[in-house]
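>>> take a look and give me a structure for this.
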Amino acid sequence: MQFFLISQTNIFFRRTFAMLLITIYSMVSVTLLETITIADEPGELNPDETARPVVTNKRSALIIKDAFAKTKTAKTIDQYEEIIQLCRQVMDGEASESRKAYTRQLKSWAHNRRGELLANETARLEAEANDKKAQWTDRQAFEDFETAIALDPTRWKAYHNRGVSHAMAMQYEKAIEDFNEAIELHPKYANTWFNRAEIHYEQGQFETAISDYTQVIRLVSDDAGAYTGRAHSNYRLGQYNQSLSDYSSAVRLDPANPEVYTNRAEAYSSFGYWKRAAADFRKAIELPNAQGRSYQTAAWMMATCPDVNFRNSTLALKTAKKAIEINVEPNYRYIDTLAAAYASAGNYEEAQTTIERAIEIAPENAVDRLENRLALYIEKKPYRQVVRTASSSDTERR
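Sure, this is the predicted structure:
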């Protein structure tokens, strides 16, 4: 069974608290950012009774009032820039210390909000393969988060956002530090716990990841992504019944998402629950937004299932080719699946040629596994899955 869990190339981080599960679940290609909602808005400045009624101080009050009014309607990068420039005028002038202190907080807020929009813009540019400009906007976003924290060390959202930027750059230790600080300042923001859990998972700290995913579920009980992440972690720890329970919770919470069915189908297949796996694969593929991975994993089961009743070489070939057609970028797993389908159909020459293509693009840690399958195909033998045991008391295989 090819049970592929999260990798550095598809780890998912939530920049915002909008329920992103669009994307993913730690096992699929992902949309990294979603629309930002206004959060952590600044409050109005209380009058400073000790301020001397000089012209510069009066003008600073008007500028602050103007800047604050703009926070209510600002939606674009340029509009946040206007707020930043107004705040800069106050900070460079002769305003009272209390007004300057408030202005630093207001400027911090504006930098963080602008950084969020720049991060969204980075995601859009990356999706369009405009890498050069995406790198520039990404740097600008990071600088905004840095400035926001420097101006106001209590701005928890800026720590969270900078942590996401570190994580996207695979600077995981720095990301953890920022997520820790964000949680210390604002422990009820579920996305911070989720993002820290993703890093713990990526680093193989599965028990710690489970703890963080569980905290997300305490805060947001209908978060299918947190159930999925916890299911992945339990699976990696060999806690298979717990993982199946969480996969089922994700299905219940997000029934229109083909990935939740695919996740559970892979788990069922790895335990030899072929009938349940087949039902979930069918559901995943029938959904209008079915992804290549759903076709690939379904093809894998039909090509490699040790139970002849659930093998279908002809359909496996068709489904494996469909997965490759949907998935634009070459993926060694998809090609490996096609090779297994050829072998299952008795076409060992094509199986050898195909898996050699997979070996050429596979990461180093997958090459041995693929070469073992190549050796089988050279001997004119198909590959068959090895079944795990979910529970010693549960022997169902159909």
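>>> so what's the residue count around N365?
Close neighbours of N365, defined as other C-beta atoms under 10 Å, add up to 7. All C-beta spots, glycine's among them, are computed from the backbone N, C-alpha and C.
>>> buried ones in the host helix or strand of it, by neighbour count?
Secondary structure assignment for N365, by DSSP states H and E: helix 364-378. Of the residues in helix 364-378, A366, L370, R373, L374, L376, Y377 count as buried by neighbour count, 16 or more other C-beta atoms under 10 Å.
>>> which one of those is nearest R155?
A366 (42.2 Å; C-beta to C-beta).
>>> if I look at that closest one, how far off is E379?
21 Å (C-beta to C-beta, to the nearest Å).
>>> tell me the helix or strand right after the one helix or strand T192 maps to.
Using DSSP H and E, T192 falls within helix 190-202. Per DSSP H and E, helix 190-202 leads on to helix 206-219 as the next helix or strand towards the C-terminus.
>>> what's the angle from the very next helix or strand once past that next one to helix 206-219?
Toward the C-terminus, helix 206-219 is succeeded by helix 224-236 as the next helix or strand (DSSP H and E). Here the directions of helix 224-236 and helix 206-219 differ by 150 degrees (axes from the mean of the first three to the mean of the last three C-alpha atoms, to 10 degrees).
>>> show me what helix 224-236 packs onto, helices and strands only.
helix 190-202, helix 206-219, helix 240-253, helix 258-270 (3 or more C-beta pairs under 8 Å, 6 or more residues apart in numbering; DSSP states H and E).
>>> from the chain's centre, how far out does that helix sit?
Relative to the centre of its chain, helix 224-236 is centred 13 Å away, using C-alpha atoms, centre = their mean, to the nearest Å.
>>> what do you get for stretch 263-275?
When C-alpha coordinates are averaged (C-alpha atoms, centre = their mean), stretch 263-275 and its chain have centres 23 Å apart.
>>> burial check on W136, number of neighbours?
W136: 15 neighbours (other C-beta under 10 Å).
>>> please report the distance of it from F142.
Counting by C-beta to C-beta, the gap between W136 and F142 amounts to 11 Å.
>>> and R59, by the same measure?
Distance, R59 to F142, using C-beta to C-beta: 33 Å.
>>> those two - which one has more neighbours?
More crowded of R59 and F142, by other C-beta under 10 Å: F142, with 21 against 15.
>>> how about the more buried one: what's its closest non-neighbour residue?
Of all residues not flanking F142 in the chain, S165 sits nearest, at 4.8 Å (C-beta to C-beta, 6 or more residues apart in numbering).
>>> next: G272.
Using C-beta to C-beta, 6+ apart, the closest residue to G272 is V387 (3.8 Å).
>>> helix/strand/coil for that neighbour?
Remark: V387 carries the secondary structure label coil [criterion: DSSP: H, G, I helix; E, B strand; the rest coil].
>>> that one and Q352, how far apart?
Counting by C-beta to C-beta - V387 and Q352 are separated by 26 Å.
>>> also R104?
66 Å.
>>> which stretches of the stretch 1-150 of the chain form helices?
For the stretch 1-150 of the chain, the helices defined by DSSP state H, counting those that start in this stretch occupy 55-71, 77-92, 97-127, 131-151.
>>> tell me which of those sits nearest to N234.
The nearest among the helices of the stretch 1-150 of the chain, by C-beta to C-beta, is helix 97-127 at 30.1 Å.
>>> burial of E360, as a residue count?
When neighbours are defined as other C-beta under 10 Å, E360 has 12 of them.
>>> and what of D138?
20.
>>> next one: the one 3 residues further on
The number of residues packed around A141, counting by other C-beta under 10 Å, is 26.
>>> what residues are up against the residue nearest to it when sequence neighbours are not counted?
Spatial nearest neighbour of A141, excluding adjacent residues (C-beta to C-beta, 6+ apart): L118 at 3.7 Å. With contact set as C-beta atoms under 8 Å, 6 or more residues apart in numbering, L118 has these partners: I77, T137, D138, Q140, A141, D144.
>>> could you redo the last one with a cut-off of 10 Å?
Listed by C-beta atoms under 10 Å, 6 or more residues apart in numbering, the contact set of L118 reads I77, Y80, W136, T137, D138, R139, Q140, A141, F142, E143, D144, F145.
>>> for S211, same thing?
So S211 contacts W193, R196, A197, H200, Q205, R230, S233 (C-beta under 10 Å, 6+ apart).
>>> need the winner for burial among the helices of the stretch 1-150 of the chain.
helix 97-127 (a mean of 22; mean count of other C-beta atoms under 10 Å).
>>> per-residue confidence averaged over that helix?
Averaged across helix 97-127, pLDDT comes to 95.
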